[in-house]
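> Below is the sequence, then the predicted model.
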Amino acid sequence: MHNIGIIPARYASTRLPGKPLVDLGGKSMIRRVVEQASQANLSRVVVATDDERILEHVLTFGGEAVLTHPHHPSGTDRVWEAYEHLGTPADCVVNIQGDEPFVHPAQINALLELFADANTQIATLVKPVLTQEELLSPHLPKVVLGAHGQALYFSRHPVPYLRQYPQQDWLQHHRYLRHIGLYAYRPAVLQQLTQLQPAPLELAESLEQLRWLTHGYSIHTAETELETIGIDTSEDVQRALAYLQA
């Protein structure tokens, strides 16, 4: 299969401006993402950015990058524009978060394997919830699955609600899963997703994938035990530096 990995990377960030260029142990965050993704079963890895500084930086270390429109409403739209720029047909497009410098190649490959099934439209990752803090954090969306691993619903609240048990005991009685924001799509489906209107569930939870479910698309999942470190704040940068030094 011909698979393309696209990494959306915006310069602007409310909590950490210039985030893709932040230095993490001698390499920029975006370089670390590119290097990790390049170890997966991808034919090309391309950074999709809205800023000349990021574009030029990626080119200096031998990466591939394209300049995209600065006002896309989501990373999904930026990924589609970048894919159109490339002009190379692909069997699968992977949307790799530009603020996940330690994304594992095995996680990307796990998504790609789901496309051996011709019925797979969209794929994403889930990970078991291990602590009460994870379970209750609205920053770590939870997901419930159907019998064949397809996502039924995503929420910032713990789902399902175990009415017969006190909340502090939920993890003892149910295997909760949280969502890891790595996506893969068939190109035709990716194009269709960019044309959908926001849905009430999406607006309520602020989770874009609920738009896709609302409009009838299926999202298949692969499970990972591997942890990643997303970078959103200066505190996250310190956590990442500690991880590198461990």
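Sure thing, it's come through.

> buried residues in stretch 228-243?
For stretch 228-243, a neighbour-count test (16 or more other Cβ atoms under 10 Å) marks 228-231, 236-237, 240 as buried. Where you see a C-beta, it was placed from the backbone N, CA and C, and this is true even at glycine.

> how about the nearest residue to I6, chain neighbours excluded?
With sequence-adjacent residues excluded and distances taken as Cβ to Cβ, 6 or more residues apart in numbering, I6 is closest to V79, at 4.6 Å.

> How about L226?
According to Cβ to Cβ, 6+ apart, the nearest residue to L226 is H104 (4.8 Å).

> May I have the residues that are in contact with that neighbour?
Contact criterion Cβ atoms under 8 Å, 6 or more residues apart in numbering gives 36, 224, 226, 228 as the residues in contact with H104.

> By neighbour count, which of those residues wins?
Scoring those on neighbours with other Cβ atoms under 10 Å, the highest-scoring entry is Q36 at 21 neighbours.

> Tell me the secondary structure at that one.
Here Q36 is recorded as helix under DSSP: H, G, I helix; E, B strand; the rest coil.

> Surely it touches F102?
Yes. Between Q36 and F102 a contact is recorded at 6.7 Å, counting by Cβ atoms under 8 Å.

> follow-up on the earlier one: for the contacts of H104, work out which two are farthest apart.
Considering Cβ to Cβ, no two members of the contacts of H104 lie farther apart than Q36 and T224, which are separated by 13.9 Å.

> where do the helices sit along this protein?
Remark: helices assigned in the chain by DSSP state H are 29-37, 52-60, 75-86, 105-113, 132-136, 170-173, 187-193, 200-205, 209-214, 234-245.

> how about these in JSON lines, adding distance to H148?
Formatted as JSON lines, these follow (distance: least, Cβ to Cβ, whole Å):
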{"stretch": "helix 29-37", "distance to H148": "28"}
{"stretch": "helix 52-60", "distance to H148": "38"}
{"stretch": "helix 75-86", "distance to H148": "24"}
{"stretch": "helix 105-113", "distance to H148": "15"}
{"stretch": "helix 132-136", "distance to H148": "25"}
{"stretch": "helix 170-173", "distance to H148": "23"}
{"stretch": "helix 187-193", "distance to H148": "18"}
{"stretch": "helix 200-205", "distance to H148": "22"}
{"stretch": "helix 209-214", "distance to H148": "15"}
{"stretch": "helix 234-245", "distance to H148": "35"}
